[in-house]
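Enquirer: Need coordinates for the below:
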Amino acid sequence: MPGTLQCVVLDCHYPPALARFYALLLGGEVDRPDPRWSLDGDWSTLHTPGGLVLAFQRVADFHPPQWPDPAHPQQFHLDVEVADLAATEREVTEHGAALLRREAGWVVYADPAGHPFCLLPAASA
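Expert: Coordinates of the predicted model:
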């Protein structure tokens with residue numbers, strides 16, 4: 001029997017700030033009231049325009065991944081397709097993202113909590 005994905009949860013030091021960072025990148029509504037959970041300084045959410053919910057939970061002793069170091073694995077990452085790669089790179093950097101690596105066809109950044117994510121140029125129609 002298949003389950004239903006409720007949300008994707010990212011551990012971090014400060015949930016509200018990371019939720020706002022991903023709202024900048026993906027759009028959506030931060031901390032929309034939802035009967036499935038309560039919101040506070042230890043739990044924040046982002047309801048994206050596509051329906052996916054990202055949740056951010058405070059972990060007191062959070063240790064960010066150090067991609068591509070296998071001793072500190074990334075655990076997961078998001079691939080984000082964007083219309084204007086250069087403009088998006090400037091914006092995420094201004095809001096705390098750190099460049100990790102440039103690859104042919106995509107760029108790898110770390111969000112303000114250290115989670116890797118990839119920016120990819122939107123495919124031409």
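
Enquirer: Next, count neighbours for the residue lying closest to T45 once chain neighbours are set aside.
Expert: Spatial nearest neighbour of T45, chain neighbours left out: A55 (4.9 Å); criterion: Cβ to Cβ, 6 or more residues apart in numbering. For every residue, glycine as well, the C-beta is placed using N, CA and C. Other residues near A55 come to 19 when the count uses other Cβ atoms under 10 Å.

Enquirer: Please settle this for me: is A55 part of a helix?
Expert: No. Counting by DSSP: H, G, I helix; E, B strand; the rest coil, A55 is not part of a helix but strand.

Enquirer: How about the contacts made by it?
Expert: Taking Cβ atoms under 8 Å, 6 or more residues apart in numbering, we find A55 in contact with 7-10, 37, 43-46.

Enquirer: out of those, who's nearest P68?
Expert: In terms of Cβ to Cβ, no member of the contacts of A55 lies closer to P68 than L10, at 18.7 Å.

Enquirer: So that closest one sits against F117, correct?
Expert: No. Using Cβ atoms under 8 Å, L10 makes no contact with F117, being 10.2 Å away.

Enquirer: Enumerate the positions of the longest helix along the chain that are buried.
Expert: Counting by DSSP state H, the longest helix found in the chain is helix 15-26. By 16 or more other Cβ atoms under 10 Å, the buried positions in helix 15-26 come out as 15-26.

Enquirer: The contacts of A55, buried ones only, as a ChimeraX selection?
Expert: Here the buried members of the contacts of A55 are turned into a ChimeraX selection, burial being counted by 16+ other Cβ under 10 Å:
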select :7,10,43,44,45,46
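
Enquirer: still on that earlier bit, how about JSON lines for the buried residues of helix 15-26, with distance to A110 and pLDDT added?
Expert: Listed next are the buried residues of helix 15-26 as JSON lines, based on distance: Cβ to Cβ, whole Å; pLDDT from 0 to 100:
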{"residue": "P15", "distance to A110": "17", "pLDDT": "95"}
{"residue": "P16", "distance to A110": "19", "pLDDT": "96"}
{"residue": "A17", "distance to A110": "14", "pLDDT": "96"}
{"residue": "L18", "distance to A110": "12", "pLDDT": "96"}
{"residue": "A19", "distance to A110": "17", "pLDDT": "97"}
{"residue": "R20", "distance to A110": "16", "pLDDT": "97"}
{"residue": "F21", "distance to A110": "11", "pLDDT": "97"}
{"residue": "Y22", "distance to A110": "13", "pLDDT": "97"}
{"residue": "A23", "distance to A110": "18", "pLDDT": "98"}
{"residue": "L24", "distance to A110": "15", "pLDDT": "96"}
{"residue": "L25", "distance to A110": "13", "pLDDT": "96"}
{"residue": "L26", "distance to A110": "16", "pLDDT": "96"}
